[in-house]
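fold the following for me, if possible:
(2 chains)
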Amino acid sequence: MAKAREIPGLTGALSFRAAGAATVETRATELFEHSENVLDTGDIERVHDMRVATRRLRAAMEIFEPCFPKKEFTRALRDVKRLADTLGARRDPDVHIAELERVAAALTREDAAGIRSLEDELRAEQAAGNEALREMLREVEESGLRGRLEALVAAARPGP
Amino acid sequence: MKARKVKGLKLDGPLAENALRIIDVRLAELHSFAGAARDPRRTKELHDMRIAAKRLRYVLEATAPALGPAAVQGAKDAKKLQDVLGEIHDCDEFAPRVEAHIAKLRAEDASVVRAAAGPRSKDLDPGAARDAPNRLRYRGLETLRTFIVARRDVLHSAFLREWERVEADGLGAGLLERLRGTTIEERDGND
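Just a heads-up that it's a prediction; the model follows:
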């Protein structure tokens, strides 16, 4: 998992508003960087990294919520949450399958057979989750979430 | 769980002062679940406490550059708590999932075994049970379910130990004092 990027110029003396703008700007940039090739099922860590980036952005938005225009903020946060939920639904089967494999490896062959049947069901969910994520990424693109987040940051940033 | 509202934030005031206000509220939120979460059956409160630990962790992480090492350590403590509560939550979600899978296999088997009897049969031959397609799968799934239940119990005991460790010190009332100390040092140092 990628370490969160440092927020440039963040000190205790910086205003809450300026800190909010800088933090959300950096976390939004990170999110869109992680969206590249996230549908590649051969590398499950991409989904994980994007999920973590979404969580960090959501957390930053919630901490600094009062700094942003309410209506635009509510809509953007709702979309970030929906993206996070879709990434979660895509990621959960990966985690469960890994856990099942860990347990199955410790049991007898007879026990493992039953566990594999549940694994098959989870693999079908993985595929469905990827389709849902494809659709969500398309929505994110079409709804201009990136631009809306940039506008929020610009609105929060203190004037010269 | 809806986050408690933080009052008195000053948008043009310094980040450090505002951060302390938020941390104060998030810390109280976390502690408010501690009593109920000692009971392993209180799944909702355990889940809510995980969310509270997550919120506290994120605000400490986001403001650590302004609040210093006490915030970094506080975020680490909150993450440990969040992680163990997350593992407990995974067990709470996954055990019913395994049970639902077993129920689905049972229904499939019953349907296949039932089909061995003709439409006008008065009874079913026990030998028909041999044709249940999933009959060899139950053992592993029941073992898995048993493992999840037992693991959850171990995790809850680990959570109690972790909470005892951080309640008095790392995430106790002393955290705010340490954070204030750093903030004052930084302010005075900048004067």
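
what about chain A, any weak spots by pLDDT?
Applying pLDDT under 70 to chain A picks out residues A:1, A:41-42, A:160.

show me what contacts residue B:78?
Neighbouring residues of residue B:78 by Cβ atoms under 8 Å, 6 or more residues apart in numbering or on different chains: B:30, B:53, B:54, B:56, B:57, B:60, B:171. All C-beta spots, glycine's among them, are computed from the backbone N, C-alpha and C.

so the closest residue to it other than its chain neighbours: helix, strand or coil?
Closest residue to residue B:78 apart from its sequence neighbours, by Cβ to Cβ, 6 or more residues apart in numbering or on different chains: residue B:57 at 3.6 Å. Recorded secondary structure, residue B:57: helix (DSSP: H, G, I helix; E, B strand; the rest coil).

swap in residue B:4?
Residue B:4 ends up coil, using three-state DSSP.

roughly how far apart are the residue sitting furthest away from the middle of chain A and residue A:90?
Farthest-out residue of chain A from its mean C-alpha position, per Cα atoms, centre = their mean: residue A:110, at 38.4 Å. Using Cβ to Cβ, to the nearest Å, residue A:110 is found at 32 Å from residue A:90.

contacts only, for whichever residue of chain B sits closest to chain A.
Taking Cβ to the nearest Cβ, chain A has its nearest neighbour within chain B at residue B:140, 2.8 Å off. Taking Cβ under 8 Å, 6+ apart as the criterion, residue B:140 is in contact with A:104, A:107, A:110, A:111, A:112, A:113, A:114, A:115.

those residues, buried ones only, as a ChimeraX selection?
Filtering the contacts of residue B:140 down to the buried ones (16 or more other Cβ atoms under 10 Å in any protein chain shown) takes a single ChimeraX command:
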select /A:104,107,111,112,113,114,115
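
filter the contacts of residue B:140 down to the ones close to chain B.
Of the residues in the contacts of residue B:140, proximity to chain B by Cβ under 8 Å from any Cβ of the partner chain holds for A:104, A:107, A:110, A:111, A:112, A:113, A:114, A:115.

got the buried residues for the one helix or strand residue B:31 maps to?
Here residue B:31 sits within helix B:15-32, counting by DSSP states H and E. For helix B:15-32, the neighbour count (16+ other Cβ under 10 Å) marks B:15-23, B:25-27, B:29-31 as buried.

of all those, which two lie farthest apart?
B:15 and B:31 (24.2 Å; Cβ to Cβ).

and the longest helix for chain A?
Secondary structure of chain A per DSSP state H: the longest helix is helix A:70-106.

report the buried residues of that helix.
In terms of neighbour count (16+ other Cβ under 10 Å), helix A:70-106 has its buried residues at A:73, A:76-77, A:79-80, A:83-84, A:86-87, A:90-94, A:96-97, A:99-100, A:103-104.
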